[in-house]
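Student: Build me a model from this:
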Amino acid sequence: MFHRNFKSSFYKWVNESLSKKLPEGIEGFSFNLIENSGDFSVELVGTASFDEDDQDWACDEIFEPNKRSISIPEKYSGLQWESCLDNMQTLVISYMKSNEKGALVLQCAQGIGIGFVDGDLIVVKKP
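Tutor: Numbers count the residues shown, from 1 in each chain. Prediction:
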């Protein structure tokens, strides 16, 4: 039950984040995971570039939503960063395969990535 509640909260947040007029030139989106004293959160940014061979593309931010990040409940993330990354990667892929309004925006991007801000980025959508 709790997992479904977070899933619906995540879907709603991404939909709202991508519902406003976005700046021109967004090539990629990155779901950045953050760990702060054992708690996890996820933020969404749009980038002016995408380069599968250079993970710094995710730092080329030109868009951030009004609510840049949301907290990930421990029951969803787990206690370890690895479980958080696995669970969130699965959620992002599930979202991208949906018919949600925001998913349609993401599907038009060159690339989508997910990862911790101080770690490697996993590309979940390539051109």
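Student: Check the burial of residue 32 by counting its neighbours.
Tutor: Other residues within reach of residue 32, judged by other Cβ atoms under 10 Å, total 21. Yep, even glycine has a C-beta here, placed from its N, CA and C like the rest.
Student: ok so residue 105 is a helix residue?
Tutor: Yes - in this structure, residue 105 lies within a helix as judged by DSSP: H, G, I helix; E, B strand; the rest coil.
Student: Begin at 57, not 1, for the rest of this chat.
Tutor: Right, with 57 as the first residue, what we last looked at is residue 161.
Student: Roughly how far does the closest residue in space to it that isn't next to it in sequence sit from residue 162?
Tutor: If the residues on either side of it in the chain are set aside, residue 161 comes closest to residue 74, at 4.4 Å by Cβ to Cβ, 6 or more residues apart in numbering. Separation of residue 74 from residue 162 (Cβ to Cβ, to the nearest Å) stands at 7 Å.
Student: Spatially central, which residue of this protein would that be?
Tutor: Centrality entry for the chain: nearest residue to the mean C-alpha point is residue 87, 2.4 Å, by Cα atoms, centre = their mean.
Student: Hmm, that one is touching residue 98, no?
Tutor: Yes - between residue 87 and residue 98 there is a contact under Cβ atoms under 8 Å: 5.6 Å.
Student: returning to what we had before: can you tell me which residues contact the residue nearest to residue 161?
Tutor: Neighbouring residues of residue 74 by Cβ atoms under 8 Å, 6 or more residues apart in numbering: 121, 157-158, 161-162.
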